[in-house]
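Peer 1: predicted model and sequence follow; I will ask about them next.
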Amino acid sequence: MKLEVMVLHVLVCTLDDGITRVPHLLKPEREDIRYVISFQYSDEKFLSLIPDALRRKDVRIVTLPGRGLCRNRNHAMSFVNDGIALIADDDLFYFEDTFDTILETFRSHTEIDLAFFKTKTPDGEPEYKKYPLVEKSYTRWKGYAPSSIEIAFRVETVKRKGIWFDERFGLGSARLSGGEELMFVDACLKQGLQARFFPKYIVLHPCMSNGDSSAFTLRAAMTMGALCHHFKGWLAFPAMVKFTWQAFRKGEKRPVSPFKYYIWLVKGILYERATR
């Protein structure tokens with residue numbers, strides 16, 4: 001009797017001319033790997049940029065007009081119903097053993113629904129983020145949070161629970177510039193799904209930027225306020241006072257004033273409250 005093959009679906013989200021970068025993340029064709037490329041475009045002119053290298057039997061390209069990363073991720077998810085899904089962007093590089101590492105992890109840990117891995121940075125760059133040192137269960141955001149490109153999950157379980165990416169969050173959303181990973185993972189945990197971190201590198205990506213210019217934009221402040229309210233409720237108001245004081249107490253020059261920054265934190269709190 002032929003054993004059922006566990007399939008890994010690589011869900012690639014790209015926008016406009018980003019479609020030209022996608023061939024770089026593809027690996028040689030194999031029976032247990034499929035690629036779903038959700039090609040979001042702001043203008044129909046970008047549809048002519050689809051590379052011939054993507055015209056393979058293991059690649060499915062689905063198009064979506066407009067913007068919004070979470071909307072794009074949900075679009076990609078809608079085309080798979082079983083197996084394992086790996087969240088991907090168009091600027092990644094996977095190692096030769098990446099897909100085997102992910103599939104073997106889910107085969108040997110039948111109890112888990114989500115697996116979080118590590119991102120390696122190019123030589124000479126700092127580590128992508130501070131990771132736990134050992135394999136461990138993940139139950140709540142406590143200092144470490146997985147990035148989207150480090151997350152793989154059992155499709156059938158996640159979709160059976162009705163879990164999707166929160167389209168209020170993420171790049172291209174109306175108000176909030178990030179936080180979609182935390183919202184997705186939190187939704188999974190609240191539905192009783194089991195998550196675990198594995199200290200294994202699966203993808204290469206440049207180090208994240210932690211500069212003041214990105215951390216202290218008003219959209220970033222609004223996103224922080226919205227996330228804090230989601231996790232803490234009305235305790236977000238005093239929590240954000242403390243956060244603002246800690247962020248500005250060193251006297252370093254910031255692109256906005258503490259008062260204006262706090263106002264936008266509050267806007268994020270109220271927005272999350274009104275739209276949940």
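Peer 2: Right, received. Where do you want to start? Numbering: from 1, shown residues only.
Peer 1: so residue 136 versus residue 38, what's the distance?
Peer 2: Distance of residue 136 to residue 38, given as CB to CB, to the nearest Å: 32 Å. Heads up, the C-betas are built off the backbone N, CA and C, glycines and all.
Peer 1: between the two, which has more neighbouring residues?
Peer 2: In this view residue 136 and residue 38 are compared by other CB atoms under 10 Å, and residue 38 has more residues nearby, 23 against 13.
Peer 1: checking the more buried one next. Helix, strand or coil?
Peer 2: Put simply, residue 38 is strand when judged by DSSP: H, G, I helix; E, B strand; the rest coil.
Peer 1: excluding its backbone neighbours, what's nearest it?
Peer 2: residue 76 (3.9 Å; CB to CB, 6 or more residues apart in numbering).
Peer 1: give me the distance between the residue lying closest to residue 258 once chain neighbours are set aside and residue 113.
Peer 2: In space, and not counting its chain neighbours, residue 258 is closest to residue 248: 4.4 Å by CB to CB, 6+ apart. Distance, residue 248 to residue 113, using CB to CB: 40 Å.
Peer 1: those two - which one has more neighbours?
Peer 2: Using other CB under 10 Å as the criterion, residue 248 and residue 113 rank with residue 113 on top: 22 against 17.
Peer 1: my read is that the more buried one contacts residue 196, right?
Peer 2: No. Applying CB atoms under 8 Å, one finds residue 113 not in contact with residue 196, separated by 9.1 Å.
Peer 1: confidence-wise, which helix or strand of this structure is lowest on average?
Peer 2: Ranking every helix and strand in the chain by mean pLDDT, DSSP states H and E puts helix 212-215 at the bottom, with a mean of 54.
Peer 1: what sits against the residue nearest to residue 258?
Peer 2: 254, 258, 261 (CB atoms under 8 Å, 6 or more residues apart in numbering).
Peer 1: hang on, the first one in a helix?
Peer 2: Read it as residue 254. No. Counting by three-state DSSP, residue 254 falls outside a helix, being coil.
Peer 1: that one and residue 97, how far apart?
Peer 2: Relative to residue 97, and taking CB to CB, residue 254 is found at 43 Å.
Peer 1: for the chain, what spans make up the strands?
Peer 2: 8-15, 33-41, 59-65, 84-89, 93-94, 114-120, 136-138, 151-154, 195-204 (DSSP state E).
Peer 1: and those strands as CSV, adding distance to residue 126 and mean pLDDT?
Peer 2: What follows is the strands of the chain, written out as CSV (distance: least, CB to CB, whole Å; pLDDT from 0 to 100):
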stretch, distance to residue 126, mean pLDDT
strand 8-15, 26, 98
strand 33-41, 30, 98
strand 59-65, 34, 98
strand 84-89, 20, 97
strand 93-94, 18, 96
strand 114-120, 12, 98
strand 136-138, 23, 95
strand 151-154, 22, 98
strand 195-204, 14, 97
